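Trainee: Sequence plus predicted model, see below.
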Amino acid sequence: MFYHDYELGKSSMVLTKDLFKLKPGESFIITADTETDPHVVDAIARAAFALDAKPMVIWTASGLGCGKVLDSFLPSKPLTAALKEADAWVELNNKWIFYSTIYDTAIKENKKLRYLNLVGMTPGMMTRLIGRVDYPVLKTFLWEITEMTKNAKHIRFTTPAGTDLEFNNAKDSKGKPDPNHPIMFEFGDASTPGAHMLAGQIGWAPDLDSINGLLVFDGTVDPPCRKLEEPIRLTITNGTITKVEGGKQAVEFEIWLKSFNDPQMFRLAHACYGFNPGAHLSGDIVEDERIWGCTEWGVGNIGAILIKPDGIPGSSHSDGICLNTSVWLDGKQIMDKGQMINSRLAELAHKLGH
């Protein structure tokens, strides 16, 4: 295994100095579990300390699931208490606290908290997805495709694996983009209060009841499967999974969904584009959902950052990846099998190595 010690040092400084913009004296919590790479934890803590911030590393055991499944497993009260007092928090847990009651409470009650989700991060991922990113060009690219998507009424996704899904964006009474369903691009900037994600993703909750068609995951589904050996085919009717087809991993996924005895676990939660120029299929969902030209769908719990003010609670959450997506916005194609065909987007993509 390669630890990329030199590159990891640079990436950690980019993270703490440029993305979090840590100031002297700020409290900076790093959460990790027993599946987290300690090289990443130590490098980030060293970088924070070098900036005269006050890093605090909290290690926990790894749970058997993610999100609210961890509420009764983790030491929820002391962990929540610490996060409610912190200035900044980077989550490295492999079994993520994100979407748990711990996370919900910390974000809701600590109005100054700056949170960045880097779950499952490895030295190689830190290098590819943070340290080597051309942030100014990527920010421009993400902003432009976000604006195009936000202004569209009807969207269609297809993939070579068989996805053919159509849906409407959420609109208000005047036909304008619904402010309660924001379309957000993730640039990795954690310098302002609230929840932030790794650079290279655009996410939103469309009009969920309008989603219909066939959704085929052919990259990663996490939890419970991680990297897929064969596609999982989902029939979607009015935003609900009505049929799960495929091989043994499809059976595993359906059993996992049913295990919660929660109807929300069969509901689609959000759509995303993936656009981090350094991402490749690794089996880690944080990297895989940023593979250039993929789309990703969430299932289950919907966070307040996607549907205001409180989201839609679910027992857990899973994300599935569709590779090499083609996209139509109001009937006009902008992406073909993961490659930009809109001239402006293609120009920016070329600068980013795509």
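Mentor: Alright, I've got the coordinates.

Trainee: For residue 140, see how far away residue 237 is.
Mentor: Noted for residue 237: a distance of 38 Å to residue 140, by CB to CB, to the nearest Å. C-beta: built from backbone N, CA, C; applies to glycine.

Trainee: Comparing those two, which residue is more hemmed in?
Mentor: In this view residue 237 and residue 140 are compared by other CB atoms under 10 Å, and residue 140 has more residues nearby, 15 against 12.

Trainee: The more buried one belongs to a helix, doesn't it?
Mentor: Yes - applying DSSP: H, G, I helix; E, B strand; the rest coil, one finds residue 140 inside a helix.

Trainee: For it, give me its contacts.
Mentor: Residues in contact with residue 140, defined by CB atoms under 8 Å, 6 or more residues apart in numbering, are residue 348.

Trainee: What score does it have for pLDDT?
Mentor: If you check residue 140, the pLDDT there is 96.

Trainee: again with the one 5 residues further on
Mentor: Per-residue pLDDT puts residue 145 at 97.

Trainee: neighbours around it, how many?
Mentor: Residue 145, neighbours per other CB under 10 Å, totals 25.

Trainee: what about the closest residue to it other than its chain neighbours, is that helix, strand or coil?
Mentor: Spatially, and ignoring its direct neighbours in sequence, residue 145 is nearest to residue 345 (6.0 Å; CB to CB, 6 or more residues apart in numbering). Following three-state DSSP, residue 345 is assigned to helix.

Trainee: can I assume residue 345 is in contact with residue 147?
Mentor: No - applying CB atoms under 8 Å, one finds residue 345 not in contact with residue 147, separated by 11.1 Å.

Trainee: what about those two, which has more around it?
Mentor: Neighbours were counted for residue 345 and for residue 147 using other CB under 10 Å; residue 345 has more, 19 against 12.

Trainee: mind listing what the more buried one touches?
Mentor: The neighbours of residue 345, taking CB under 8 Å, 6+ apart as the test, are 141, 144-145, 334-335.

Trainee: Next step: these restricted to helices.
Mentor: 141, 144-145 (DSSP state H).

Trainee: Looking at those, which is nearest residue 354?
Mentor: residue 141 (9.5 Å; CB to CB).

Trainee: and the closest residue to residue 142 other than its chain neighbours, how many neighbours?
Mentor: Spatial nearest neighbour of residue 142, excluding adjacent residues (CB to CB, 6+ apart): residue 185 at 3.9 Å. Using other CB under 10 Å, residue 185 is surrounded by 24 other residues.

Trainee: what's near enough to touch residue 185?
Mentor: Residues near residue 185 by CB under 8 Å, 6+ apart: 142-143, 145-146, 201-202.

Trainee: how about 6 Å then?
Mentor: Shown in contact with residue 185 (CB atoms under 6 Å, 6 or more residues apart in numbering): 142, 146, 202.
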